[in-house]
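> Here is my input; please provide its structure:
(chains A and B)
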Amino acid sequence: MTTELIVAGFGGQGVLLFGKFLALSGLKEEKEVVWIPSYGPEMRGGTCNCTVVVSDDPIGSPIIDAPNTVVVMNKPSLTKFGPRVSSDGLLLINSSLIDTTSDRTDIKIETVPANEIALELGNGRAANMVALGAYIALTKAVKFDTVLDVIRESFAKKKEFIDLNLAAAKRGYELAS
Amino acid sequence: MAKVLMKGNEALAEAAIMAGCKLFFGYPITPQNEIPEYLSRRLPQVDGGCYLQAESEVAAANMLYGAAGVGERVLTSSSGPGISLMSEGLSYIAGAQLPVVVVNMVRGGPGLGGILPAQSDYYQATRGLGHGDFRVLVLAPSTVQEAADLVMDAFDLADKYRSPVMVLGDGLIGQMMEPVEFKKKEKVELPPKTWAATGYKGDRERSIINSLYLDPLELEENSWRLKARYDAMGRDELRWELTNCEGDYDVLITAYGSTARICKTVIETLKKQGISVGLFRPITLFPYPYKQLRDAAQKAKTVFCVEMSTGQMLDDVKLALEGSRPTQFYGRTGGIIPTPDEIIGQIEKILKGEEVDKR
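Numbering: from 1, shown residues only, chains lettered A, B, ... in the order given. From the prediction side, this is the model:
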């Protein structure tokens, strides 16, 4: 199985971390992984995205024309990346910040109110983890337990964030399951 | 050692430390800044380690000269515009027969260009790194793992040939994260650095590090000595990789670095359509595996060179083929990375006997 992901949003929404946690989870499961950020001249608050590939086979091109999954955390990202989802692919929309959807009929479209849930849990900044939880439930790209382990390990030096991020990922996962 | 997820730039920096490099001199430039960033944190933890941000690339190159002159393993990294500034110093280093490792994470040029990946410094790396009769051994990784492995080898090769060695990546290799395993390298037997200027105490001949030869016969001697080393590299150090070259194919792709891995996806996709295409990936760009490419091209009707430039390696491809096969070229540059679909479209044209698009 090969999962290709573009996750996109505003700078600061944690989309690079979303991608990195997926890549780290893939690595933990001894899969082939690659993570590439969009880097370039960007202004603060500008758009940001990364591409992740998780595969059972060696990964050739890290550049993906039409990924089979796309997660959009804000509206400009929906406009930019919605059309690029491959046929039969998945588009996951953060409905907290995006009040529209894609008119495509050849893909699966799902929504998650990531910011609202994160705020309910006490910190809006965990919206990326809510979306990650939902994404894992929808794609089964890696095991959810692996993601939880990665969250625990990655925040080992900032223990106060572990519970929040775990709770956020779990809520997202439950909602989308 | 377990695999860790790292950016190419960081993996390469850690690999340099594992290869025994304790000294880094450089000046910031995108897209290689994670190398100095990482080393500024790590080198002070290494016994005798020193990270120094120079006031300019010109200064950094001359710091390399000094450090290599006393026999230390030393690294610098930069990108196109910075490498241009270092070229005077690198020529002196080559003339004085000093081993250094230089990383170029190529960005689009010429001039200040852009900060996105390109392969437009191929000529600079393989032909025009500085004035005078010299070349440097050039290694081109296409994965993060290979970048780490090649940097470790680069230090041994530099010492073996008393020559600068360049690792030529691009912004994609530098910025991408992939799993990497730092393999403990077997120790390579290298000649002792008896030439190093470590302080004269009367117990050996004086060591003089110099690239000035006013006697033309001596200078000629030095140039032929360097040439003999390049010939030895061409005999003993060639590296290349063949993909899908066991069976028959009408088209043989040649590509290196990031572009080569994009072409691997092209090959897999075409395979599913019943079309077999081979890939020749040079890993040493100087010396270039000419004969190996010529051999691989024998089964092909056309050799198709793909680069992130307007066509630089293409010259070496033509030199390798000696007119034995027609070539076609497709290039994107300026920071544009060709997509697999784009390349497949061009191969379909070649198979129909048409010319590929200009870009």
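> Let me see the ranges of the helices in chain A.
Secondary structure of chain A (DSSP state H): helices at A:15-28, A:75-81, A:114-120, A:127-139, A:144-154, A:162-176.
> what does the fifth one rub up against?
Same thing as helix A:144-154. Residues lying outside helix A:144-154 but in contact with it, judged by Cβ atoms under 8 Å, 6 or more residues apart in numbering or on different chains, are A:21-22, A:24-25, A:28-29, A:129, A:132-133, A:136-137, A:162, A:165-166, A:169-170, A:173. Where C-beta positions appear, they are placed from N, C-alpha and C, glycine not excepted.
> One more pass at 10 Å, please.
By Cβ atoms under 10 Å, 6 or more residues apart in numbering or on different chains, the list of residues contacting helix A:144-154 from outside reads A:17, A:20-29, A:129, A:132-133, A:135-137, A:141-143, A:159, A:161-166, A:168-170, A:173, A:177.
> Select, out of the helices of chain A, the one closest to B:Ser77.
Each of the helices of chain A was scored for nearness to B:Ser77 using Cβ to Cβ, and the closest is helix A:15-28 (22.8 Å).
> near chain B, anything from the closest one?
Yes. Using Cβ under 10 Å from any Cβ of the partner chain, helix A:15-28 comes into contact with chain B via A:19-20, A:23-24, A:26-28.
> Give me the distance between the biggest helix by length in chain B and the centre of its chain.
With residue count as the measure and DSSP H as the assignment, chain B has helix B:216-236 as its longest helix. Between the centre of helix B:216-236 and the centre of its host chain there is 21 Å, according to Cα atoms, centre = their mean, to the nearest Å.
> Packing partners of it?
Applying 3 or more Cβ pairs under 10 Å, 6 or more residues apart in numbering or on different chains; DSSP states H and E, one finds that helix B:216-236 contacts helix B:80-95, strand B:137-139, helix B:144-161, strand B:284-286.
> pLDDT (mean, whole number) over it?
Mean pLDDT, taken over the full extent of helix B:216-236, equals 98.
> With stretch A:162-177 instead?
Mean pLDDT, taken over the full extent of stretch A:162-177, equals 97.
> again, but for stretch A:99-107
Per-residue confidence for stretch A:99-107 averages out to 96 on the pLDDT scale.
> before we move on, the earlier item: just the buried ones from the contacts of helix A:144-154, in PyMOL syntax?
Under the burial definition 16 or more other Cβ atoms under 10 Å in any protein chain shown, those of the contacts of helix A:144-154 that qualify are selected in PyMOL by:
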select buried, chain A and resi 17+20+21+22+23+24+25+26+27+28+129+132+133+135+136+137+141+142+161+162+164+165+166+168+169+170+173
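> returning to what we had before: which positions within the longest helix of chain B qualify as buried?
Judged by neighbour count using 16+ other Cβ under 10 Å, the buried positions of helix B:216-236 are B:219, B:222, B:226, B:229-230, B:233-234.
> Excluding its own residues, what touches that helix? List them.
Surrounding helix B:216-236, the residues in contact under the criterion Cβ under 10 Å, 6+ apart are B:94-97, B:132-137, B:157, B:160-163, B:165, B:210-213, B:215, B:237, B:284, B:286-291.
> please redo it, this time with the cut-off set to 6 Å
Residues outside helix B:216-236 that contact it (Cβ atoms under 6 Å, 6 or more residues apart in numbering or on different chains) are B:133-135, B:137, B:161, B:213, B:287.
> Okay, angle between that helix and helix B:144-161 too, please.
Using axes from the mean of the first three to the mean of the last three Cα atoms, to 10 degrees, the inter-axis angle of helix B:216-236 relative to helix B:144-161 is 140 degrees.
> ok, and the closest non-adjacent residue to residue 111?
This is for chain A. Setting aside the residues directly before and after it, A:Thr111 is nearest to A:Ser95 in space (Cβ to Cβ, 6 or more residues apart in numbering or on different chains), at 4.0 Å.
> ah, I was thinking of chain B
Nearest residue to B:Gly111 in three dimensions, chain neighbours excluded: B:Pro81, at 7.5 Å (Cβ to Cβ, 6+ apart).
> Now for that neighbour, how many residues are close by?
With neighbours defined by other Cβ atoms under 10 Å in any protein chain shown, the count for B:Pro81 comes to 16.
> what about residue 45, neighbour count?
Just going to use chain A. For A:Gly45, using other Cβ under 10 Å, the count is 9.
> wrong one, chain B
Taking other Cβ under 10 Å as the criterion, the count of residues near B:Gln45 is 8.
> Can you give me the pLDDT of it?
At B:Gln45, the model reports a pLDDT of 97.
> all helices of the stretch 251-359 of chain B, in order?
Taking DSSP state H, counting those that start in this stretch to define them, one finds helices in the stretch 251-359 of chain B at B:257-272, B:290-297, B:313-321, B:340-351.
> what's the residue of the stretch 101-250 of chain B at minimum distance from chain A sitting at in phi/psi?
Among all residues of the stretch 101-250 of chain B, B:Met177 sits closest to chain A, at 4.0 Å; criterion: Cβ to the nearest Cβ. Phi and psi for B:Met177, reported as degrees, to the nearest 10, are phi -100, psi 130.
> So it is in contact with B:Glu10, correct?
No. B:Met177 is beyond contact range of B:Glu10, at 8.6 Å (criterion: Cβ atoms under 6 Å).
> for A:Thr51, which residues make a bridge with it?
A:Ile6, A:Ile36 (DSSP bridges).
> Do I have it right that it meets A:Ile6?
Yes. The criterion here is Cβ under 6 Å, and A:Thr51 meets it with A:Ile6 at 5.4 Å.
> Who has more neighbours out of these two?
Just comparing A:Thr51 and A:Ile6: by other Cβ under 10 Å the higher neighbour count belongs to A:Ile6, 24 against 20.
> Now tabulate the contacts of helix B:216-236 in TSV and tack on distance to B:Arg107 and pLDDT.
Supplementary listing: these in TSV, determined by distance: Cβ to Cβ, whole Å; pLDDT from 0 to 100:
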residue	distance to B:Arg107	pLDDT
B:Asp133	28	96
B:Phe134	24	98
B:Arg135	23	98
B:Leu137	22	98
B:Tyr161	28	98
B:Tyr213	36	97
B:Pro287	25	98
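> which of those lies closest to A:Ser55?
When the contacts of helix B:216-236 are compared against A:Ser55 (criterion: Cβ to Cβ), the nearest one is B:Leu137, at 33.2 Å.
> So which bits of the stretch 201-350 of chain B are right by chain A?
Applying the criterion Cβ under 6 Å from any Cβ of the partner chain, the portion of the stretch 201-350 of chain B that neighbours chain A consists of B:261-262, B:264-265, B:337, B:339-341.
> quick one: low-confidence parts of the stretch 51-200 of chain B?
Scanning the stretch 51-200 of chain B for pLDDT under 70 picks out nothing.
> How about the residues of it by chain A?
Among all residues of the stretch 51-200 of chain B, those adjacent to chain A (criterion: Cβ under 6 Å from any Cβ) are B:175-179.
> tell me the contacts of residue 136?
Since you didn't name a chain, this refers to chain A. With the criterion set at Cβ under 6 Å, 6+ apart, A:Ile136 makes contact with A:144, A:147.
> that's the wrong chain, I wanted chain B
B:Val136 touches B:129, B:164, B:166, counting by Cβ under 6 Å, 6+ apart.
> do the same with A:Ala66
In this structure, A:Ala66 makes contact with A:84, A:86, judged by Cβ under 6 Å, 6+ apart.
> how much space between it and A:Gly19?
17 Å (Cβ to Cβ, to the nearest Å).
> and chain A, which residues reach chain B?
By the criterion of Cβ under 6 Å from any Cβ, the positions of chain A lying close to chain B are A:23-24, A:27, A:34-36, A:39, A:60-63, A:65.
> Using neighbour counts, trim those residues to the buried set.
Using 16+ other Cβ under 10 Å as the burial test, these include A:23-24, A:27, A:34-36, A:39, A:60-63 as buried.
> Smallest gap between the stretch 1-150 of chain B and chain A, at which residue?
Per Cβ to the nearest Cβ, B:Leu5 is where the stretch 1-150 of chain B lies closest to chain A, at 5.2 Å.
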